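> Structure for this input, please:
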Amino acid sequence: MNRDQLYDEIRRKQSFLCLGLDTEMSKIPEHLRGDEFPFFSFNKEILDATHDLMVACKPNVAFYESMGTHGWTQFEMTVRYIRQQYPEIFIIADAKRGDIGNTARKYAETFFQQMDCDAVTVSPYMGIDSVTPFGYPGKWTVLLALTSNPGADDFQMLPTGNNERLFETVLRKSSAWGTAGNMMYVVGATRASMLVKVREIVPDHFLLIPGVGAQGGDLKEVAEYGLNSKCGLLVNSSRAILYADSTKRFAEVAREKAMEMQREMAGLLGK
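This next block holds a predicted model:
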């Protein structure tokens, strides 16, 4: 999916919601835990209930890897189901990979050729040769830039000696490794005011914004500082939607929560 197609979906659905499929056995409804493929059963009902309210989904690979081959199978089943039933949804593999050339090429092969995801999250710490192998035609690299976890300040806010902090240097340097049509950046919603600086450096790129909802990020503030002429935002919500209810009504309640976000997004896009 290219940038214009993604923007077309945002306009059509009046939404820039990315649903994080952080599927966890201890949190899915109890009546699904005995299924042969409990993660897929849960994901399928969530997707069927919310597909028209989101433009992207982001399965967090760690939750599937933790279950070994059975988890990987359900990750593949989920991606395949989206491709077959809801091909307009942009699929981000939240894998946070980052290694040197040969290994990076294999990671890219895994998520782009074997899994047919649209994008994969990547750490820039090892530099250009750990990022460029993800430059597949028609695919996207989602680079970690400014995260919202407590330890982010350990490195990301350090001065680099040229009047910039490390996250700014990462943005500036890495923007030459791709284009606004194949590279996005992760910027945490709890750092929404920093989006002003981010947009000075990468005005046209899409930003993947986690942290709205359970982590306390404010959607209106994110939109105020982060929207550009092509929207330029994918705002992720996971737990606030996925686990809003633990009964047999879980998918229905998830739809209600997703619709609340979609309606707010529609209002923000209309300004």
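> can you give me the strands in the protein?
All strands of the chain, identified by DSSP state E, fall at 17-21, 56-59, 90-97, 119-122, 140-146, 183-187, 206-209, 233-237.
> Check the burial of Thr160 by counting its neighbours.
13 (other C-beta atoms under 10 Å). From N, CA and C alone the C-beta is placed, and that goes for glycine too.
> Please apply the same query to Ile209.
Neighbour tally, Ile209, other C-beta under 10 Å: 28.
> check contacts around it.
Going by C-beta atoms under 8 Å, 6 or more residues apart in numbering, Ile209 touches Val186, Val187, Gly188, Ala189, Gly217, Val222, Gly226, Leu233, Leu234, Val235, Asn236.
> now Met184
Ala119, Trp140, Thr141, Val142, Leu143, His205, Phe206, Leu207, Leu208, Leu234.
> How much space separates the fifth one from Leu234?
Using C-beta to C-beta, to the nearest Å, one obtains 14 Å as the distance from Leu143 to Leu234.
> now do the fourth one
The gap separating Val142 from Leu234 is 9 Å, by C-beta to C-beta.
> Specify the beta-bridge partners of the residue nearest to the spatial centre of the chain.
Compute the mean C-alpha point of the chain, and by C-alpha atoms, centre = their mean the closest residue is Lys58, 4.7 Å away. Counting by DSSP bridges, Lys58 is bridged to Gly20.
> which parts of stretch 38-57 are buried?
38-47, 49-57 (16 or more other C-beta atoms under 10 Å).
> so where do the helices sit in the stretch 101-250 of the chain?
Using DSSP state H, counting those that start in this stretch, the helices of the stretch 101-250 of the chain run over 101-108, 166-174, 195-201, 219-226, 239-242, 250-269.
> Please identify the buried residues of the longest one?
Across helix 250-269, burial judged by 16+ other C-beta under 10 Å covers 250-251, 253-255, 257-259, 261-262, 264-265, 268-269.
> just the fourth one next, same as before
By 16+ other C-beta under 10 Å, the buried positions in helix 219-226 come out as Leu219, Val222, Ala223, Tyr225, Gly226.
> tell me which of these is nearest to Tyr136?
Gly226 (26.2 Å; C-beta to C-beta).
> For that closest one, give me its contacts.
Taking C-beta under 8 Å, 6+ apart, one finds Val187, Ala192, Leu195, Val198, Arg199, Leu207, Ile209, Gly232, Leu233 in contact with Gly226.
> give the contact list for the last one.
Neighbour list for Leu233: Phe16, Phe206, Leu207, Ile209, Val222, Ala223, Gly226, Leu227 [criterion: C-beta under 8 Å, 6+ apart].
> Just name the closest of those residues to Asn102, please.
Nearest to Asn102 among the contacts of Leu233, with distances taken as C-beta to C-beta, is Phe206, at 28.4 Å.
> that older thread, can you lay out the strands of the chain as a markdown table showing distance to Leu171 and mean pLDDT?
Shown next, in a markdown table, are the strands of the chain (distance: least, C-beta to C-beta, whole Å; pLDDT from 0 to 100):
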| stretch | distance to Leu171 | mean pLDDT |
| --- | --- | --- |
| strand 17-21 | 20 | 97 |
| strand 56-59 | 21 | 98 |
| strand 90-97 | 17 | 97 |
| strand 119-122 | 14 | 98 |
| strand 140-146 | 6 | 97 |
| strand 183-187 | 7 | 97 |
| strand 206-209 | 10 | 96 |
| strand 233-237 | 16 | 96 |
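> To Thr132, which of the ones you listed lies closest?
Across these, closest to Thr132 is strand 140-146 (C-beta to C-beta), at 8.6 Å.
> tilt between that closest one and strand 90-97?
Orientation check (axes from the mean of the first three to the mean of the last three C-alpha atoms, to 10 degrees): strand 140-146 against strand 90-97 gives 60 degrees.
> From the contact counts, what lies against strand 140-146?
strand 90-97, strand 119-122, helix 166-174, strand 183-187 (3 or more C-beta pairs under 8 Å, 6 or more residues apart in numbering; DSSP states H and E).
> No further questions, thank you.
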